[in-house]
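K.L.:
dropping a prediction and its sequence here:
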2 protein chains.
Amino acid sequence: MTRTPTLEDVATVAGVSRATVSRVINDVATVAPALRTKVQHAIKKTGYRPNSAARALAGSRAGAVVLVVSGSDGTAEEIFDDPFFGRVAGGMIAHLGALGIPPIVVAADSDRARADSVALIRHGRADGAVLVSTRADDPLPGVFVDAGIPAVLFARPALPAPISYVDLAHEAGAALAADHLVTRGCQRVVTIAGPTDVLAAQDRLTGFRQAMARHGHAHVAVAHGNFTQDSGESAMHHLLSTVPDLDAVFAANDLMAVGALRALRDTGRPDVAVIGFDNSKPAINADLTTIAQPLEDMAAEMSRLLLAQIADPTQGPQCRIFEPSLVIRATA
Amino acid sequence: MTRTPTLEDVATVAGVSRATVSRVINDVATVAPALRTKVQHAIKKTGYRPNSAARALAGSRAGAVVLVVSGSDGTAEEIFDDPFFGRVAGGMIAHLGALGIPPIVVAADSDRARADSVALIRHGRADGAVLVSTRADDPLPGVFVDAGIPAVLFARPALPAPISYVDLAHEAGAALAADHLVTRGCQRVVTIAGPTDVLAAQDRLTGFRQAMARHGHAHVAVAHGNFTQDSGESAMHHLLSTVPDLDAVFAANDLMAVGALRALRDTGRPDVAVIGFDNSKPAINADLTTIAQPLEDMAAEMSRLLLAQIADPTQGPQCRIFEPSLVIRATA
DNA sequence: ATGAAAGCGCTAACAC
DNA sequence: GTGTTAGCGCTTTCAT
């Protein structure tokens, strides 16, 4: 394994100074076209690749970002085990990787871990962070805002904070579900809501209620679950006992919808219409009608916002809301 | 945001030289106990954290590793969407992160991506790699072996290669399933095998057949799937038509087992015993009896092997095989 | 056992 | 425009 070529080597081959090569590499405009091509040639010839450690040390960008995941109680394992967050994280990894910005993935659920993730950036390993958290009350965003580190959130922060984020129009998604159920002729519609401490869950409930109200249904029965299949199943049983004549249910996520499906099957009510939310793998497996999020686009936008903020840290926080869509399958 | 403390600062506070502080940090033995404690005190006081970019530049380890994931056709998103590989990756992330060795996660499915992942290490971003691949014929291990980079594989390489790996005793796991079914009194046992190009799938089939043979069943009917739920469902339908009197089925992974469960339910054969493999989330949801892998332990061992190899690159490849266990739930 | 000093590869003033 | 030069924070000989 022969020594990997350095800037110096390229400079020698091209017959210029290190500085000029550096300029070419960093796309600084003030380089004579003739020299520029000469240098590019030398780069190709030597197979030069910038050493990121040196770059980071010398004070510019590290050329990497941190992907911080943080779950309710948990380990990274649990996060990646979640059918939805696994996709978000995977999407970011795929997108950033393709951009040549390899993400350092860390789980940050303790104060110590949060400090570590900030340290990663402070000490030249990365230039900014993408934050993917499941909890509304997560201290994570605050930590990054306080540290003055470029960061982008997946989902809006619980407390207004000067930080960029990408989110879904959850209320609109829930309205899509309501409209579809009503259009199908459902008369007695109920809903299984998510945990009250998750903003997205609140929004979905609010949006659903408002849309149903617009259709003349001022009251819809609600049962709460915690986004797991089991909780969806028991919520459904509860609803079946309190509203025996129900004919449709909207669950705030797919897992709970699948649980509801099971409860309905077990109680001989397979006729009830069911709509989930997320369009995750379980939804596909269960042939569940659901609300889909444009995850790829959202991941791409997060990368874009973050890179822009790293390039110009003075620019203020931005946010971008994406529109969900209805995916009609067998259950509604 | 005040300047982050450097070695120099610590040295000043402790009243020693940079070199001494460096020695304390790197656990070099030749430091007087008195000075050592003095320095440690200064480190705590200043809140010093080593700058990894500088460390990497100065020629020692980067203090980071690359976690390379590679799927059949795919993007990182698909990998993390797989209930099993998501867990493996998550486990590694959790374990390495806790060790203060943040993993850079990349997807490497193209030649370009593979070269990039090698470049990450070559250019001082990381010291070694953990390779998690789903395909037996993946060129990934070869690339790292050729590059002479410390690496550890999850699952043994298809072709014998001088590389460390951690794997499961798949045959023993399948035998566990066979034994359990026979003990339960099943008479007509069939199996849904995985793709023939996946070593683990081959091993599970071999192990299952051998164990059944030991129990006096020389022939077991086999249908192949591709590890998806749908493929499991159609394989089950196929088996039901060719072996109408079957009373038990062993599927090479949980997803196919869940598909089989569905086929059995739909054809009015809920009496048939079903065992899966992996103990993934779908297994828990479906209350599926299955074979579990000690994933946490495996992830920990991979980290250990990799770090040992990084510390002493001259040491030869090691491998470690873990024992699976039977998790009895409702289906068998 | 400890300190002084020379880089690691790069960027960014600063001269020319 | 281009080259020169001084570090970035750390490890590591080499003296002492």
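P.N.:
Received the coordinates, thanks. Numbering: from 1, shown residues only, chains lettered A, B, ... in the order given.
K.L.:
leaving out the residues flanking it, which one is nearest to A:Q229?
P.N.:
Spatial nearest neighbour of A:Q229, excluding adjacent residues (CB to CB, 6 or more residues apart in numbering or on different chains): A:G259 at 4.1 Å. C-beta: built from backbone N, CA, C; applies to glycine.
K.L.:
which SSE is that neighbour in?
P.N.:
Secondary structure from DSSP states H and E places A:G259 in helix A:254-266.
K.L.:
using CSV, write down the CA coordinates of that helix.
P.N.:
In CSV, the C-alpha atoms belonging to helix A:254-266 read as follows (Å, rounded to 0.1, in the frame of the first residue of the first chain):
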residue,chain,number,x,y,z
ASP,A,254,-50.1,1.9,10.3
LEU,A,255,-49.1,-0.3,13.2
MET,A,256,-52.2,0.6,15.2
ALA,A,257,-54.3,0.2,12.0
VAL,A,258,-52.9,-3.3,11.6
GLY,A,259,-53.8,-4.0,15.3
ALA,A,260,-57.3,-2.7,14.6
LEU,A,261,-57.6,-4.9,11.6
ARG,A,262,-56.8,-7.9,13.8
ALA,A,263,-59.3,-6.9,16.4
LEU,A,264,-62.0,-6.4,13.7
ARG,A,265,-61.2,-9.8,12.2
ASP,A,266,-61.3,-11.5,15.6
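K.L.:
what's the next secondary structure element after that helix?
P.N.:
strand A:273-275.
K.L.:
in terms of secondary structure, what does that next one contact?
P.N.:
helix A:170-183, strand A:248-251, helix A:254-266 (3 or more CB pairs under 8 Å, 6 or more residues apart in numbering or on different chains; DSSP states H and E).
K.L.:
give the next helix or strand downstream of it.
P.N.:
helix A:281-285.
K.L.:
determine how far the helix or strand following that following helix lies from the middle of the whole chain.
P.N.:
Sequence-wise, the next helix or strand downstream of helix A:281-285 (DSSP H and E) is strand A:290-292. Computed by CA atoms, centre = their mean, to the nearest Å, the chain-centroid distance of strand A:290-292 equals 16 Å.
K.L.:
residue boundaries of the helices in chain A?
P.N.:
With DSSP state H as the criterion, chain A has helices at A:7-14, A:18-25, A:33-46, A:52-57, A:76-81, A:83-98, A:111-122, A:140-147, A:170-183, A:199-214, A:229-242, A:254-266, A:281-285, A:295-311.
K.L.:
so, low pLDDT: which residues of the stretch 101-250 of chain A?
P.N.:
Across the stretch 101-250 of chain A, nothing is flagged by pLDDT under 70.
K.L.:
sorry, back to before: quick one: the helix holding A:G259 to helix B:254-266, angle?
P.N.:
Orientation check (axes from the mean of the first three to the mean of the last three CA atoms, to 10 degrees): helix A:254-266 against helix B:254-266 gives 20 degrees.
K.L.:
so what secondary structure elements neighbour helix A:254-266?
P.N.:
Applying 3+ CB pairs under 8 Å, 6+ apart, one finds that helix A:254-266 contacts helix A:83-98, strand A:189-193, helix A:229-242, strand A:248-251, strand A:273-275, helix A:281-285.
K.L.:
how about 7 Å then?
P.N.:
Here helix A:254-266 touches helix A:229-242, strand A:248-251, strand A:273-275, helix A:281-285, going by 3 or more CB pairs under 7 Å, 6 or more residues apart in numbering or on different chains; DSSP states H and E.
K.L.:
now render the helices and strands packed on strand A:273-275 as JSON lines, adding mean neighbour count and distance to DNA strand D.
P.N.:
JSON lines is the format used below for those (neighbours: other CB atoms under 10 Å in any protein chain shown; distance: least, CB to the nearest atom of the strand, whole Å):
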{"stretch": "helix A:170-183", "mean neighbour count": "22", "distance to DNA strand D": "43"}
{"stretch": "strand A:248-251", "mean neighbour count": "32", "distance to DNA strand D": "51"}
{"stretch": "helix A:254-266", "mean neighbour count": "24", "distance to DNA strand D": "45"}
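K.L.:
for A:T228, find the nearest of those.
P.N.:
helix A:254-266 (5.9 Å; CB to CB).
K.L.:
what angle do the closest one and strand A:189-193 make?
P.N.:
Going by the same axes, to 10 degrees, helix A:254-266 makes 130 degrees with strand A:189-193.
K.L.:
which residues does helix A:254-266 contact?
P.N.:
For helix A:254-266, the surrounding residues in contact (CB atoms under 7 Å, 6 or more residues apart in numbering or on different chains) are A:192, A:225, A:227-233, A:235-237, A:240, A:249, A:251, A:270, A:272, A:274-278, A:280, A:282-283, A:286, A:288, A:290, A:331.
K.L.:
quick one, it and helix A:83-98 angle?
P.N.:
Angle between the axes of helix A:254-266 and helix A:83-98 is 150 degrees (criterion: the same axes, to 10 degrees).
K.L.:
quick one: end-to-end distance for stretch A:276-288.
P.N.:
End-to-end distance of stretch A:276-288: 7 Å, with CA to CA, to the nearest Å as the criterion.
K.L.:
got it, and stretch A:58-71?
P.N.:
Terminal residues of stretch A:58-71 are spaced 35 Å apart (CA to CA).
K.L.:
which residues touch that stretch?
P.N.:
A:52, A:55-56, A:76, A:78-79, A:85, A:89, A:92-93, A:96, A:101-109, A:117, A:120-121, A:124-134, A:138, A:140, A:306, A:310, B:53.
K.L.:
try it again at 6 Å.
P.N.:
A:52, A:56, A:78-79, A:89, A:92, A:101-109, A:117, A:120, A:124-134, A:138, A:140 (CB atoms under 6 Å, 6 or more residues apart in numbering or on different chains).
K.L.:
what do you get for stretch A:36-55?
P.N.:
Counting by CB under 6 Å, 6+ apart, residues outside stretch A:36-55 touching it are A:5, A:9-10, A:13-14, A:21, A:24, A:63, B:53, B:56-57, B:119, B:123-125.
K.L.:
mind listing what's buried in it?
P.N.:
For stretch A:36-55, burial by neighbour count (16 or more other CB atoms under 10 Å in any protein chain shown) applies to A:36, A:38-39, A:42-43, A:46, A:48-55.
K.L.:
so how far is that stretch off the chain centroid?
P.N.:
So, by CA atoms, centre = their mean, the centroid of stretch A:36-55 is 35 Å from its chain's centroid.
K.L.:
start to end distance for that stretch?
P.N.:
Terminal-residue distance, stretch A:36-55 (CA to CA): 20 Å.
K.L.:
that one vs DNA strand C: in contact?
P.N.:
Yes: counting by CB under 7 Å from any atom of the strand, contacts between stretch A:36-55 and DNA strand C involve A:48, A:50-51, A:54-55.
K.L.:
those into JSON lines, with extra columns for distance to B:A29 and pLDDT?
P.N.:
Shown next, in JSON lines, are the residues of stretch A:36-55 next to DNA strand C (distance: CB to CB, whole Å; pLDDT from 0 to 100):
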{"residue": "A:Y48", "distance to B:A29": "39", "pLDDT": "89"}
{"residue": "A:P50", "distance to B:A29": "36", "pLDDT": "88"}
{"residue": "A:N51", "distance to B:A29": "31", "pLDDT": "87"}
{"residue": "A:A54", "distance to B:A29": "30", "pLDDT": "89"}
{"residue": "A:R55", "distance to B:A29": "34", "pLDDT": "87"}
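K.L.:
show me the subset of the residues you listed that also lies near DNA strand D.
P.N.:
A:A54.
K.L.:
for B:R184, state which of the residues of stretch A:36-55 next to DNA strand C is nearest.
P.N.:
A:N51 (60.9 Å).
K.L.:
which bits of the stretch 1-150 of chain A sit near DNA strand C?
P.N.:
A:3-4, A:6-8, A:18-19, A:22, A:25-26, A:48, A:50-51, A:54-55, A:57-60.
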